[in-house]
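Novice: Got a sequence here, can you model it:
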Amino acid sequence: MVSAKKRIWGWYFFDWASQPYSTLLLTFIFGPYFAEVARGYYMGTGLDEEAAKAAAQSFWGWGIAATSIIIALLAPILGAIADSTGRRLIWVWIFSSFYVIGAWALWWVAPGGEIGILWWAVVFFGMGFIGMEFATIFTNALMPSLSDHEDLGAISGYGFAFGYLGGLIALVLMLGLFITAPQDEGGEYAGAIGEAGQPLVEDDSLAGPELSAIETAEAGPRTYLGIRPILGEDSETMIGTRIVGPFTAIWFMVFMIPFFLWVKEPKTVSRPLQLGRALTELKDLIASLRFRRSLSAYLGSSLLYRDALNALYAFGGVYASGVLGWSVGQIGIFGIVGAVAAVACSWAGGRADRAFGPKPVIAVAVLVLTLVCLVLLGLTRDQIWGIALDSASNESDRIFMVCGALIGGAGGVVQAASRTMMLRHTTPDRATEAFGLFALSGKVASFIAPSAIALVSMISGSQRIGIGLPLIALFLLGLVLLAFVNAKGEQS
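Specialist: Just a heads-up that it's a prediction; the model follows:
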């Protein structure tokens, strides 16, 4: 017999296992790497560098948008089917296989390929992303069976904190074991530091015949932890970066074991699949929204602010690469900063959720994210909103790092609180269907946000304006609709 505590911890392990898809693949490692690969391809076709960057961002954005449309169309239908049969765990198994196959296949996305390799990347990334999103719908629907209603806000927050901790550790392992740190002007690797914290070779004038073979070898490529890359350095095929796909798949398979051992199907009446009945119930639920003001306002609000956040995640690495000229490794360090903040803030947000309820927690987090976007809108390498910055002292980098901490912290809080706000608008027996609608509300905007970014970028000719203005508008509109949401949901 599995104890209640073990069931909760098993449920937490889904967040731990699945988080690297967002942390490693979407935002900090594979997303920027894909942008580099696509940029190289387009420059090979004759485009100049800026045009190639725009084309690469467009390809990535439309790939994510297409994936989001599939999720938007199928999520509520799958939720209705699961609720009509009373079974959720079988769907977690099915979509976990999508996650693993999609992530593993990214190993074959090597630089220097033809257009086909870009299509391979977005198709299999989309497959894994669909697997993660759909599996999340069914694991979210298991929440009401874990504990009493009063504890669910804290459980949701702690789950996100635990998941972000997993993503943080996975990111540290990638940067520390596989990815080569960039070289400085003297040919030294920034990550290769000695025991005293100094470069292994301080002056490239020493890297001559006076050095022994061992000393020369020690001065070779290093990861961000100062060790030799496990797979070696290969700047042509980028194996140290491409391993992120299989690494993410293996991580998921290993850490889903506690979930499948400890989380059991809630006791419900098992019913045969009746697709017509399930779709009719879904249709009735959607039709009922016009009489459910709070739920309608909440779905509309979350449609806007959650997917502005998703777009911020999806394009944050691209922004750092294009506007500030950061490398994949630097973007990874940025991810570590954000993940540390997410762990701490998600835990604190769970306690705030328990004390004050999810609505004020969401409002504060969305306001913080809006202010971050205002900073990004006015930030360049040399200035912020007309105030000159010392590029030599990397002031813009430090400002962006602070933004990364705020994005990670506020993002973790808003996702956890949004999950408990949705629970206040449903019942345990209709939870999967409700979270299917919740996914639908998010994925509709996932199509709108990348499209708006692409359109504004094209019109303005500015990457900063293209990302900043649409996201600020979405966050503010989300706050307006949140004002019409009942803080106690439909359980008051």
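
Novice: Next, G113: secondary structure please.
Specialist: coil (DSSP: H, G, I helix; E, B strand; the rest coil).

Novice: For it, give me its contacts.
Specialist: G113 is in contact with V37, Y41, counting by CB atoms under 8 Å, 6 or more residues apart in numbering. The C-beta positions use only the backbone N, C-alpha and C, and glycine is treated the same way.

Novice: And the one 5 residues further on, by the same measure?
Specialist: Residues touching L118, when contacts are defined by CB under 8 Å, 6+ apart, comprise F34, V37, A38, Y41, F59.

Novice: Then G166?
Specialist: D15, W16, A17, Q19, P20, W251, F255 are the contacts of G166 under CB under 8 Å, 6+ apart.

Novice: Which ones among the residues you listed map onto strands?
Specialist: Judged by DSSP state E, the contacts of G166 include no members of strands.

Novice: between these, which is closest to P111?
Specialist: P20 (22.2 Å; CB to CB).

Novice: That closest one: neighbour count?
Specialist: Here the number of neighbours of P20 (other CB atoms under 10 Å) works out to 31.

Novice: now do A287
Specialist: 9.

Novice: who touches it in this structure?
Specialist: A287 neighbours (CB under 8 Å, 6+ apart): none.

Novice: That one in helix, strand or coil?
Specialist: helix.

Novice: Double-check M132 against P20; I have them as touching.
Specialist: No. Assessed by CB atoms under 8 Å, M132 is found out of contact with P20, at 9.8 Å.

Novice: you'd agree I155 is up against P144?
Specialist: No. Contact criterion CB under 8 Å: I155 and P144 do not qualify, at 10.5 Å.

Novice: quick one: buried residues of stretch 345-353?
Specialist: For stretch 345-353, burial by neighbour count (16 or more other CB atoms under 10 Å) applies to C345, S346, W347, A348, G349, G350, A352, D353.

Novice: Equivalent analysis for stretch 398-413, please.
Specialist: 399-401, 403-413.

Novice: Dump the buried residues of stretch 345-353 into JSON lines; add distance to A417 and pLDDT as well.
Specialist: JSON lines is the format used below for the buried residues of stretch 345-353 (distance: CB to CB, whole Å; pLDDT from 0 to 100):
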{"residue": "C345", "distance to A417": "11", "pLDDT": "85"}
{"residue": "S346", "distance to A417": "9", "pLDDT": "79"}
{"residue": "W347", "distance to A417": "13", "pLDDT": "81"}
{"residue": "A348", "distance to A417": "11", "pLDDT": "84"}
{"residue": "G349", "distance to A417": "6", "pLDDT": "82"}
{"residue": "G350", "distance to A417": "8", "pLDDT": "79"}
{"residue": "A352", "distance to A417": "8", "pLDDT": "87"}
{"residue": "D353", "distance to A417": "5", "pLDDT": "83"}
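
Novice: mind giving me a markdown table with those residues and columns for distance to R222 and secondary structure?
Specialist: Converted to a markdown table, the buried residues of stretch 345-353 look like this (distance: CB to CB, whole Å; DSSP: H, G, I helix; E, B strand; the rest coil):
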| residue | distance to R222 | secondary structure |
| --- | --- | --- |
| C345 | 32 | helix |
| S346 | 32 | helix |
| W347 | 33 | helix |
| A348 | 36 | helix |
| G349 | 37 | helix |
| G350 | 38 | helix |
| A352 | 41 | helix |
| D353 | 42 | helix |
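
Novice: Mind picking the one among those residues that's closest to S393?
Specialist: C345 (28.3 Å).

Novice: Can you pick out the residue with more neighbours from I155 and P144?
Specialist: Legend: neighbour count by other CB under 10 Å for I155 and P144, higher for I155 (22 against 18).

Novice: for that one, what are its contacts?
Specialist: I8, W11, M143, L146, S147, G350.

Novice: Then G31?
Specialist: With CB under 8 Å, 6+ apart, G31 has these contacts: L25, W60, A314, G317, V318.

Novice: I'd like those residues laid out as CSV, including neighbour count.
Specialist: Putting the contacts of G31 into CSV (neighbours: other CB atoms under 10 Å) gives the following:
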residue, neighbour count
L25, 24
W60, 24
A314, 21
G317, 26
V318, 23
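
Novice: Among the residues you listed, which one sits closest to R419?
Specialist: A314 (20.2 Å).

Novice: per-residue pLDDT, that closest one?
Specialist: You'll see A314 listed with a pLDDT of 72.

Novice: can I assume it is in contact with P450?
Specialist: Yes. Counting by CB under 8 Å, P450 is a contact partner of A314 at 7.2 Å.

Novice: can you list residues touching both of those two?
Specialist: Counting by CB under 8 Å, 6+ apart, the residues touching both A314 and P450 are G61, I64.

Novice: What subset of the contacts of I155 is buried?
Specialist: I8, W11, M143, L146, S147, G350.

Novice: Lovely, talk soon.
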